[in-house]
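Asks: what would the 3D arrangement of this be:
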Amino acid sequence: MIRYPAFDPPEYIDWQPDREVVEEYRRTIDSHLERKEVIGSLDSKQLLALYEGLLRNRLHDIALKRWVKQGVISKAWLGTGEEAATIGAVHALDRGKADDGFPMDFVAPMIRNSGACHEMGMSVSDILRGYLGTADSPTRGRDVHIGDFHRGVLAPISQVGEMVGIAAGVALSFRMRGERRVALTWVGDGSTKAGVFHEGMNFAAVQRLPLIVIIQNNQVALGTRLDQHHRASFLDWPAAYGVEGWAMDGNNALDVYAAVKVAADGCREGRGPFLLIAETFRMGGHATHDEREARTTFSKELFQYWGRRDPIGLFETYLIEGAIDLESGERARRSRALRQRNEETLKQIEQRVLEEIDRAAEEALASRLIAIRPESAAEGVYAFESLVGASVEA
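Replies: Numbers count the residues shown, from 1 in each chain. Modelled structure (predicted):
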């Protein structure tokens, strides 16, 4: 993909595939038989959809970073380097419509998992409007934590650990209605220390709920390194709750896809919940305003280590060097001609996504002219009238 010196992390600007890391990527795919079979069943259309989702996620973040530099917004919370943990997971779910008109499966993303929003069907322009606080944004200008219940996206809560409890409640409703649906949420390594994370996981475990919780271990909580707030291994935690769970390479979209697909199938069989651990790394700060602080929090060598593991670059290399003609979908003999055809196919997808993001940014910026209606503050607020009436009577 095209690299942007003004917006990409330094380690991504001149990115080239490291052969040792590429082989590690392939070994990961082959190391779990069940996941390997899932990955092997993917056709070219599904593979390209995964690639497109990763690009859309990265370019959405770059659009936000451009706005920060231009002074359009003050800061943004980005998922640069963590896209695979979001996109791979969402694509493994059933995003088709159920009988009630809602998506079969639901997700509860953190703000850094914005890719879940557009891969569940929300428009990128709506996601960008959330940052601008426009009247026609999903939250009608109230909050940057956006979602769309009709598209199966639960809006995040600032205290991100809270979403485990909310997602457990959604999963409980699925089980009580006898539906083969799954709820999925992410939680950062730092937010696993919130009490509601434990309460939600324990409740889900006891009730055998169709819930998948992904611990997105990006090695830092705000500005606190993992070793400053955590001991032992997250791999011990599934057993502590009496549930199934495993690690996955959070920078390998295929491994994430397969790991979540296996868990989702298990949930539909009544074996939930599942606790998965995605090992990844945040290539920026907590938000754009403290990216420099992130560079003092971690060593240069750690950034270089994860920089070589750019989830988009590695997946791109895997697709280009594979034995599938991405345009026709047919298996083919590896050759220079095949590589060139696959490269061209990916370039065409990137151009299409670039145009989509640019168009979405223009649409979102145009929405700033739409005035927010003060009375909208009372819309969509649970029990607003009864609360106001009670205060008046008092």
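Asks: identify the residues contacting L275.
Replies: Neighbouring residues of L275 by C-beta atoms under 8 Å, 6 or more residues apart in numbering: M201, V213, I215, W237, P238, Y241, V243, E244, G245. For the C-beta atoms, the positions are set from N, CA and C on the backbone; glycine is no exception.
Asks: does I214 count as helix, strand or coil?
Replies: Here I214 is recorded as strand under DSSP: H, G, I helix; E, B strand; the rest coil.
Asks: still on that earlier bit, show me which of the contacts of L275 is closest to R225.
Replies: I215 (16.0 Å; C-beta to C-beta).
Asks: quickly list what the residue nearest to the closest one when sequence neighbours are not counted is bridged to.
Replies: Leaving aside its chain neighbours, I215 sits nearest to I277 (4.8 Å; criterion: C-beta to C-beta, 6 or more residues apart in numbering). Note on I277: beta-bridge partners by DSSP bridges are I215, A247.
Asks: how long is stretch 165-184 from one end to the other?
Replies: One end of stretch 165-184 sits 11 Å from the other (C-alpha to C-alpha, to the nearest Å).
Asks: mind listing what R151 touches?
Replies: When contacts are counted by C-beta under 8 Å, 6+ apart, R151 touches P103, M120, G121, M122.
Asks: show me the two of the residues you listed that sit farthest apart.
Replies: P103 and M122 (11.2 Å).
Asks: mind listing the strands in the chain by residue range?
Replies: Counting by DSSP state E, one finds strands in the chain at the ranges 106-108, 183-188, 211-217, 220-221, 224-225, 244-249, 274-279.
Asks: mind putting these into CSV with mean pLDDT and distance to A361?
Replies: Converted to CSV, these look like this (pLDDT from 0 to 100; distance: least, C-beta to C-beta, whole Å):
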stretch, mean pLDDT, distance to A361
strand 106-108, 98, 24
strand 183-188, 97, 25
strand 211-217, 97, 26
strand 220-221, 90, 29
strand 224-225, 90, 33
strand 244-249, 98, 32
strand 274-279, 98, 29
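Asks: quick one: closest of the ones you listed to L354.
Replies: Minimum separation from L354 across the strands of the chain (C-beta to C-beta) falls at strand 106-108, 25.4 Å.
Asks: touching the closest one from outside, list them.
Replies: By C-beta under 8 Å, 6+ apart, strand 106-108 touches 89-90, 93, 113, 116, 120, 152-154, 156, 163, 166-167, 170, 181-186.
Asks: redo that, cut-off 7 Å
Replies: For strand 106-108, the surrounding residues in contact (C-beta atoms under 7 Å, 6 or more residues apart in numbering) are 90, 116, 120, 152-154, 163, 166-167, 170, 183-185.
Asks: what bits of the stretch 1-150 of the chain have low per-residue confidence?
Replies: Scanning the stretch 1-150 of the chain for pLDDT under 70 picks out nothing.
Asks: one more time with 90, if that's ok
Replies: 139-145 (pLDDT under 90).
Asks: what is the lengthiest helix in the chain packed up against?
Replies: Ranked by residue count under DSSP state H, the longest helix found in the chain is helix 336-366. Under the contact definition 3 or more C-beta pairs under 7 Å, 6 or more residues apart in numbering; DSSP states H and E, helix 336-366 sits against helix 44-70, helix 124-132, helix 311-320.
Asks: any idea of the angle it forms with helix 311-320?
Replies: Orientation of helix 336-366 against helix 311-320 (axes from the mean of the first three to the mean of the last three C-alpha atoms, to 10 degrees) gives an angle of 140 degrees.
Asks: please identify the buried residues of helix 336-366?
Replies: 338, 341-342, 345-346, 349-350, 353-354, 356-357, 360-361, 363-365 (16 or more other C-beta atoms under 10 Å).
Asks: distance check, the residue most central in space within the chain against V107.
Replies: Residue closest to the average C-alpha location in the chain (C-alpha atoms, centre = their mean): T86, at 2.3 Å. From T86 across to V107, the span is 9 Å (C-beta to C-beta, to the nearest Å).
Asks: overlap of the contact sets of these two?
Replies: Residues touching both T86 and V107 by C-beta under 7 Å, 6+ apart: A116.
Asks: quick revisit: got a PyMOL select line for the buried ones in the contacts of R151?
Replies: Here is the PyMOL selection string for the buried members of the contacts of R151, based on 16+ other C-beta under 10 Å:
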select buried, resi 103+120+122
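Asks: let me have the helices and strands packed on helix 336-366 in TSV, extended by distance to R177.
Replies: Conversion of those to TSV gives the following (distance: least, C-beta to C-beta, whole Å):
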stretch	distance to R177
helix 44-70	29
helix 124-132	29
helix 311-320	36
